[in-house]
Each structure stands twice: as C-alpha cells, then as structure tokens.
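1. this one's structure only:
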C-alpha cells in the first residue's frame with residue numbers, strides 16, 4: 001500500500017509540476033499513464049505469482065527508476081526532488097533493510113540518465129511555491145504512512161512471536177502430559193525406547209520374578225458403593241500398590257478389573273529380585289489388612305485378596321492396538337495366574353522356583369503341589385517374615 005501510494009504520489013507531483021511549468025507533452029501523458037498502471041501491475045505479480053520475493057526486489061528497483069525519471073520531469077526542483085529521492089531510498093529499506101540501497105541509487109540514477117540522454121538536462125527556476133508546498137505535504141503524508149506501516153508490522157511481528165511462544169508452551173505441556181501418560185503405561189526404560197524409536201522390541205527375560213494379586217470381592221463392593229465412592233477406593237488401592245512396588249524396585253505391569261500384576265528382573269537381573277518381590281508382596285498384604293480395618297470402621301465388608309509370586313522366563317512387549325499396553329507372556333506369566341487361584345485368601349503364596357532364589361530372611365511353609373499343564377507340578381509355599389524382620 002505504501003509503495004503504491006508513494007509511486008502514485010510522485011507521479012502526481014510530476015504531473016502538477018509539468019502543468020505549472022507549462023511543458024506538458026504527449027510523451028509525458030504516456031509516461032504518466034504507464035506510471036499509474038505500474039503499481040497495480042507490480043502488486044498483481046507479487047501476490048499471484050511464485051517467487052514473489054524476487055519479483056518484489058525487482059519492482060523496488062523499478063520504483064527507484066521511476067523516481068529518477070520523475071525527478072528529471074520536474075527539472076530537479078529542489079524540494080520535490082528531495083522528497084522523491086528520500087522515498088526511493090526509504091522503500092527498499094522498509095522491505096529489505098539496507099541490502100538494496102546501493103542498487104536502488106543506481107536504478108534512480110539510470111532513471112535520470114535515460115530521459116536526460118533523450119531530452120537533455122533542465123533545471124527548474126526558483127519561485128514555484130505551489131509545487132514545493134505540494135512536495136512538502138506529500139513528504140509529510142508519506143512518512144506518516146511509513147511510520148504507521150512500521151507500527152503495524154512491529155505489532156504483527158510481536159503478535160506472531162507471542163503466538164509462537166504460546167504454541168511452544170502448549171506443545172511442551174502436551175509433551176509432558178503424553179510423557180506422563182506413557183510412563184503410566186510403560187516401564188521407564190520401555191517408555192524411553194518408545195519415545196526414541198516409536199516402537200518397542202519384544203524381549204525374553206529368563207530370570208524374571210512376577211507378582212500377581214486378585215481382589216475377588218471387588219465386584220460386590222462395586223454393587224454396594226456408589227460409582228464415585230467405588231472408584232475413589234479403587235484408585236486409592238491401586239495407587240498404593242504402585243507406590244509399594246516402586247519402593248521395592250518392581251515394575252507395575254497391569255491393573256485390570258480385580259487383578260494387579262507387577263514384576264522385577266525385566267532389565268538387569270539381580271540376585272535381590274526374589275527378595276524384592278517377596279518384601280513387596282508382604283507389604284501389600286499389610287496394606288490390604290489395614291485397608292480392611294478401615295472398611296470395617298465404615299461398616300463395610302472386608303476385601304478378600306490373594307497374592308502369588310513366581311519366578312521364571314517371560315516375554316515382555318507392547319501389544320499395539322488402538323489402546324496399546326505393556327504385558328508379560330510365557331510360562332511364568334501363565335503359571336502365576338494359575339497359582340493365584342490356589343492361593344488362600346489373605347496369604348502370600350510363592351513357588352519353589354522363587355523360594356530357591358531367596359534362602360534367608362523369610363519363612364516358608366509348604367502348602368501343596370499343584371498340577372500345571374499335563375506333565376508339570378509346582379510346589380507352593382506360604383511366605384511370612386522370619387523372626388526379627390517386618
């Protein structure tokens with residue numbers, strides 16, 4: 001808009017000067033008409049065609065060339081010529097900075113030289129008050145428009161920066177939320193692998209230790225309590241289980257319905273995995289006993305629970321459906337669920353495979369041998385803390 005106004009204003013001054021000087025000709029009329037059409041043509045090119053930045057640079061040079069021609073047509077009248085020259089230099093500064101000033105000056109000199117070669121050089125006589133006054137008004141209006149355009153551009157730039165900053169904050173918040181959600185679904189190491197590769201490679205762990213918990217009375221509790229109260233209690237229980245498993249270095253694998261599963265030994269295996277799984281199981285039992293005491297104080301029936309722990313090989317990986325989840329598969333994962341059905345309510349039951357890894361610190365009472373599959377039997381033991389241990 002400013003460029004169009006500046007070119008049209010310069011042509012208007014030249015026309016006014018030629019009328020005042022009485023040197024108007026057909027050539028001047030043709031140049032004037034071409035000058036009127038030029039800003040609209042250049043605007044069309046810049047907005048409709050590709051590579052508009054290069055076209056814009058070219059039209060800036062044409063602006064300077066036209067300004068030089070206008071100065072020649074006004075016979076270098078002092079104030080109008082000064083106004084046109086300042087505008088011819090100010091326009092490229094506004095659009096491209098200082099990189100095109102030199103080229104604009106050369107284009108303006110070429111605009112002076114071409115008509116001078118044809119018509120020669122003439123210098124205006126003094127005393128043209130009207131044209132000088134017109135040039136002063138034009139210069140004032142132009143720089144007011146120029147200042148307003150700079151103001152609008154600055155505001156637009158600041159607004160875009162604010163919007164970009166807000167978008168960056170939103171992206172960071174969403175990333176933190178997605179990271180937190182991912183960490184709630186996947187173990188830490190698996191979540192990091194998924195973030196970096198967008199996939200999780202299934203892995204077999206030969207010496208994993210698995211803990212399983214069942215709350216068979218949970219569905220009845222849901223019938224007696226309202227939905228809000230039931231889910232508040234459910235969240236309280238499962239959050240406590242997550243905290244207990246975290247303290248003992250276990251990975252919370254899955255909480256589904258009335259079942260909860262955790263494991264250790266999925267990363268770097270340790271001889272302390274068996275102790276960690278048993279200590280976590282005993283602490284879970286203490287927590288549920290205290291929770292049942294609190295339920296009794298509210299005249300609610302206790303939640304029966306079964307806890308089983310087993311050791312063996314598992315395959316861990318992500319099941320990718322619309323809602324993917326991390327889970328364990330393999331003999332040990334299947335066996336611990338089978339063992340859970342044989343566990344007495346309120347006790348912690350461990351298999352012989354797990355007890356063999358932890359030879360001290362716990363008391364083991366043989367419960368029974370249960371068949372698993374067609375040709376296997378697993379020995380079950382009730383686990384209690386040894387004397388002197390919590």
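-> Done, it's in. Note that the structure is predicted; figures quoted are calculated from it, not measured.
2. Tell me where the stretch 151-300 of the chain has strands.
-> Assigned by DSSP state E, counting those that start in this stretch, the strands in the stretch 151-300 of the chain fall at 203-214, 251-256, 259-264.
3. Listing partners with orientation, what would you give for the last one?
-> Spelled out, that is strand 259-264. Here strand 259-264 has these sheet partners by DSSP bridges: strand 203-214 (antiparallel), strand 251-256 (antiparallel).
4. what sits up against it?
-> Residues outside strand 259-264 that contact it (C-beta atoms under 8 Å, 6 or more residues apart in numbering): 208-215, 238, 241, 245, 248-255, 273, 276-277, 280, 314, 316, 328, 336. In this view, the C-beta of every residue, glycine as well, is placed from N, C-alpha and C.
5. Please check those and keep the buried ones.
-> The neighbour count (16 or more other C-beta atoms under 10 Å) marks 208-215, 241, 245, 248-253, 255, 273, 276-277, 280, 314, 316, 328, 336 as buried among the contacts of strand 259-264.
6. Tell me which residues touch residue 211, please.
-> For residue 211, the contacting residues are 245, 250, 261-263, 277, 280-281, 284, 307-309, 336, by C-beta under 8 Å, 6+ apart.
7. try residue 371
-> Contact analysis of residue 371 by C-beta under 8 Å, 6+ apart lists residue 377.
8. Helix or strand: which one has it?
-> According to DSSP states H and E, residue 371 maps onto strand 362-372.
9. likewise residue 326?
-> Counting by DSSP H and E, the element that carries residue 326 is strand 325-329.
10. relative to strand 259-264, how tilted is that strand?
-> Angle, strand 325-329 to strand 259-264, by axes from the mean of the first three to the mean of the last three C-alpha atoms, to 10 degrees: 80 degrees.
11. Would you mark the buried spots in strand 325-329?
-> 326, 327, 328.
12. Strand partners (parallel or antiparallel) of that strand?
-> The strands that strand 325-329 pairs with in its sheet are strand 306-319 (antiparallel) (by DSSP bridges).
13. Rebuild the strands paired with strand 259-264 as JSON lines, extending it with distance to residue 101.
-> Shown next, in JSON lines, are the strands paired with strand 259-264 (distance: least, C-beta to C-beta, whole Å):
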{"stretch": "strand 203-214", "distance to residue 101": "65"}
{"stretch": "strand 251-256", "distance to residue 101": "66"}
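14. Can you show me the helices along the stretch 51-200 of the chain?
-> Secondary structure of the stretch 51-200 of the chain (DSSP state H, counting those that start in this stretch): helices at 52-73, 78-96, 101-119, 129-185, 188-197.
15. beta partners of residue 376?
-> Bridge pairing for residue 376 - DSSP bridges - gives residue 372.
16. Next one: it from residue 256, what distance?
-> Distance, residue 376 to residue 256, by C-beta to C-beta, to the nearest Å: 26 Å.
17. With residue 283 instead?
-> Per C-beta to C-beta, residue 283 is found 22 Å from residue 256.
18. Compare neighbour counts for the two and give me the winner.
-> residue 283 (19 against 10; other C-beta atoms under 10 Å).
19. Any idea how many residues pack against the residue nearest to that one when sequence neighbours are not counted?
-> Spatial nearest neighbour of residue 283, excluding adjacent residues (C-beta to C-beta, 6 or more residues apart in numbering): residue 244 at 5.0 Å. Residues lying near residue 244 (other C-beta under 10 Å) number 20.
20. Now for residue 244: which residues touch it?
-> By C-beta under 8 Å, 6+ apart, the contact list for residue 244 reads 280, 283, 284, 287.
21. per-residue pLDDT, the first one?
-> According to the predicted model, the pLDDT of residue 280 comes to 92.
22. Next, format the strands of the stretch 151-300 of the chain as JSON lines and append distance to residue 384 and mean pLDDT.
-> Formatted as JSON lines, these follow (distance: least, C-beta to C-beta, whole Å; pLDDT from 0 to 100):
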{"stretch": "strand 203-214", "distance to residue 384": "16", "mean pLDDT": "86"}
{"stretch": "strand 251-256", "distance to residue 384": "24", "mean pLDDT": "80"}
{"stretch": "strand 259-264", "distance to residue 384": "20", "mean pLDDT": "87"}
